[in-house]
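Trainee: fold the following, please.
(one chain, ligands or ions: 2)
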Amino acid sequence: MGPEDSEAYEHASLDHAIVLHPHLFREQNGLRSAEERLEEAVGLTAAIKLTITDAQIVTLSEARPATLIGRGKVEEIRTALDMTEPRPGLVIVNANLTPVQHRNLENEWKAKVLDRTALILEIFGARAQTKEGRLQVALAHLNYQRSRLVRSWTHLERQRGGAGFLGGPGERQIEADRRILADKIDRLKAQIEQVRRTRTLQRAKRKKAPHPVIALVGYTNAGKSTLFNRMTGAGVMAEDLLFATLDPTMRAVDLPGVGRVILSDTVGFISDLPTDLVAAFRATLEEVLEADIILHVRDIAHPESDAQRHDVISVLGNIGIEEDDLERQVIEVWNKIDLLDEEDCSTAMSVSKLRSEGAEGSLEDPIIVAVSAFEGINLSALFAAIDERLTREFNHYTVVLGPEDGAAEAWLHQNGDIQTIEPADQQGGRLISVRLGEKGAGQFQSKFSLVLNQDGLDAQPLKDTSIA
Ligand SMILES: Nc1nc2c(ncn2[C@@H]2O[C@H](COP(=O)(O)OP(=O)(O)OP(=O)(O)O)[C@@H](O)[C@H]2O)c(=O)[nH]1
Ligand SMILES: [Mg+2]
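Mentor: Ligands and ions are numbered 1, 2, ... in the order given. Take a look at the predicted model:
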């Protein structure tokens, strides 16, 4: 922004914003209405704690190359800014602006303009917690800046132009800026690569403690963190802010009736994620590939619930999880049923049960459980569904090991998922309850000549006699 703008900026409040959703009149955007899009932009703006003084849909008959929005409307907004006290220092334009449009609008309005990419970058920047998350956001930022260098070019040329060197100092400046940015980008990429390697190592370690991994995915604000907190009792931030979570948060937790699992919370999805940000976002999602079970959390009370489901499935497709993929079991969690009226709620309950019968557990044909994470409704059904899915591939076994069976116990630690270890007698014998795949169970029995009792049925009398 040029020096001529400084006066207007002086009285402007950078905590106050106007939100605009430009809507192309002839654009048919099947699933989502302009109202919903405006509302989402308002939610995103609120997520970085800005006070919104006005929010409106701007209907366009065509996109103007210079300002996107028509002349009359641009002036109207400028007047609205002038009339508001304090003068909002920000205008959020829920569209991707060209560098030229961006600059012209800032000049017209004497306010900082954030387009959709910039807005989401702000949010990602505010929320990134892990090192990789922060680096990815920084990288996306630099790429965004680089794409805007054209704007600085005209600007710089105007300020410094006419010095007479070949190409002019403006052009040399832009070249220098470009090189600095390119260097920074290279360094960041190297750092990210380093962090990735460390993470892969950590992941490999975790795989050796073979607890099943359960990943929560879903649209932003669907209630993932709330459910995560319900399931762990851990204090992960859950707020009515879009993107309260950017990085996956992992917790080992004992689920009632299921046993020890690793839960992983992830950042929420949104529609039309700017391409610059896809990599940053994807990095936070790689954990999902490791999951044994995906909990696809949906806000079933949201009017756009189906469109959101569609977005989530397509993003998962991007990281390599196909709709009919059976490598991981998918459970759709129809969350927020407490917000439905009685009739809709019982419909959701019966439809979810009906569709779950014989469902294969893929993204397109998932098991469905209707719950309220917030009110704690029907969570036991969710736990039962998780257990059901896990035991499809793993069986529960018990085995009694004597003091001499240290090697067998070590093997179980290494290859199985030990649930409990209890003393079996006075001589140091242990009753071990373990979850194992069928193949593993066979290996164990032939290797150690010990008998595994499936489902703990045979272990039952042992407990009873000890009580009697
Ligand atoms: N009424 C109701 N509100 C819920 C329920 N679950 C979550 N919420 C609310 O929905 C809002 C968003 O919840 P979060 O758990 O932060 O959502 P999230 O999916 O983690 O969101 P991101 O991290 O932004 O992707 C919060 O205000 C929650 O209190 C529910 O079952 N019922
Ligand atoms: Mg969250």
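
Trainee: only C-alpha atoms from now on, for both contacts and neighbour counts.
Mentor: Fine.

Trainee: for the residue sitting nearest the centre point of the chain, phi and psi?
Mentor: In the chain, the residue lying closest to the centroid (CA atoms, centre = their mean) is residue 267, at 2.0 Å. According to degrees, to the nearest 10, the main-chain angles of residue 267 amount to phi -70, psi 150.

Trainee: I'd say it and residue 220 touch.
Mentor: Yes. Assessed by CA atoms under 8 Å, residue 267 is found in contact with residue 220 at 7.2 Å.

Trainee: where are the low-confidence patches of this protein?
Mentor: The model of the chain has pLDDT under 70 over residues 1-10, 26-31, 129, 149-172, 203-210, 234-248, 274-276, 280, 283-284, 455-468.

Trainee: so where do the strands sit in it?
Mentor: 13-24, 51-60, 88-93, 112-115, 213-218, 249-255, 259-265, 293-299, 329-335, 367-370, 394-401, 417-423, 430-437, 453-454 (DSSP state E).

Trainee: tell me where the stretch 101-250 of the chain has helices.
Mentor: Counting by DSSP state H, counting those that start in this stretch, the stretch 101-250 of the chain has helices at residues 116-127, 131-147, 149-160, 168-208, 224-232.

Trainee: so which of those comes closest to ligand 2?
Mentor: When the helices of the stretch 101-250 of the chain are compared by CA to the ion, helix 224-232 sits nearest ligand 2, at 4.1 Å.

Trainee: and that closest one with strand 249-255, angle?
Mentor: If you take axes from the mean of the first three to the mean of the last three CA atoms, to 10 degrees, helix 224-232 sits at 40 degrees to strand 249-255.

Trainee: for stretch 373-391, buried residues please.
Mentor: 373, 377, 379, 382-387, 389-391 (16 or more other CA atoms under 10 Å).

Trainee: quick check, nearest of these to ligand 1?
Mentor: Checking these against ligand 1 by CA to the nearest ligand atom gives residue 373 as the nearest, at 3.9 Å.

Trainee: ok, residue 353 - contacts?
Mentor: 368-369 (CA atoms under 8 Å, 6 or more residues apart in numbering).

Trainee: the chain should start at 556 in everything you say after this.
Mentor: Yep, numbering from 556; the last one is residue 908 now.

Trainee: pretty sure residue 985 is touching residue 956, no?
Mentor: Yes. Counting by CA under 8 Å, residue 985 touches residue 956, with 5.2 Å between them.

Trainee: most proximal residue of the stretch 856-1005 of the chain with respect to ligand 2?
Mentor: Counting by CA to the ion, the stretch 856-1005 of the chain gets nearest ligand 2 through residue 928, at 12.5 Å.

Trainee: pull up the residues of the stretch 806-955 of the chain that are close to ligand 1.
Mentor: 822-823, 890-891, 893-894, 927-930 (CA under 6 Å from any ligand atom).

Trainee: and of those, the nearest to residue 597?
Mentor: Of all those, residue 597 sits closest to residue 823, with 16.3 Å by CA to CA.

Trainee: so what's the residue count around the nearest residue to that closest one once chain neighbours are set aside?
Mentor: Of all residues not flanking residue 823 in the chain, residue 775 sits nearest, at 3.8 Å (CA to CA, 6 or more residues apart in numbering). Residue 775 has 25 neighbouring residues, counting by other CA atoms under 10 Å.

Trainee: with the one 10 residues further on instead?
Mentor: Other residues near residue 785 come to 16 when the count uses other CA under 10 Å.

Trainee: likewise residue 947?
Mentor: When neighbours are counted by other CA under 10 Å, residue 947 comes out with 9.

Trainee: count the neighbours of residue 620 for me.
Mentor: With other CA under 10 Å as criterion, residue 620 counts 12.

Trainee: how is this structure carved up into domains?
Mentor: For the chain, automatic domain parsing gives the domain ranges 558-681, 683-751, 766-932, 949-1022.

Trainee: return the most buried member of the ones you listed.
Mentor: Among the domains of the chain, the stretch with the highest mean neighbour count (mean count of other CA atoms under 10 Å) is domain 766-932, at a mean of 20.

Trainee: ends of that one, how far apart?
Mentor: 26 Å (CA to CA, to the nearest Å).

Trainee: what about residue 570, distance to ligand 1?
Mentor: Remark: distance between residue 570 and ligand 1 (CA to the nearest ligand atom, to the nearest Å) = 21 Å.

Trainee: for the domains of the chain, which one sits closest to residue 757?
Mentor: domain 683-751 (9.7 Å).

Trainee: stretch 820-828 vs ligand 2: in contact?
Mentor: No. Stretch 820-828 lies out of reach of ligand 2 by CA under 5 Å from the ion, never closer than 5.9 Å.

Trainee: quick check: the residue of the stretch 556-705 of the chain nearest ligand 1.
Mentor: Nearest residue of the stretch 556-705 of the chain to ligand 1, counting by CA to the nearest ligand atom: residue 602, 8.7 Å away.

Trainee: thought that residue was touching residue 676?
Mentor: No. With contact defined as CA under 8 Å, residue 602 does not count as touching residue 676 (11.9 Å).

Trainee: contact partners for residue 929?
Mentor: Applying CA under 8 Å, 6+ apart, we find residue 929 in contact with 781-782, 785, 891.

Trainee: oh, that last question was meant for residue 914, not what I typed.
Mentor: 920-922.

Trainee: distance of it from ligand 1?
Mentor: 24 Å.

Trainee: also residue 766?
Mentor: Residue 766 is 23 Å from ligand 1, by CA to the nearest ligand atom.

Trainee: just to revisit the earlier point, can you tell which of the helices of the stretch 656-805 of the chain is closest to residue 977?
Mentor: helix 723-763 (22.8 Å).

Trainee: ok now that closest one, how far from the chain's centre?
Mentor: 22 Å (CA atoms, centre = their mean, to the nearest Å).
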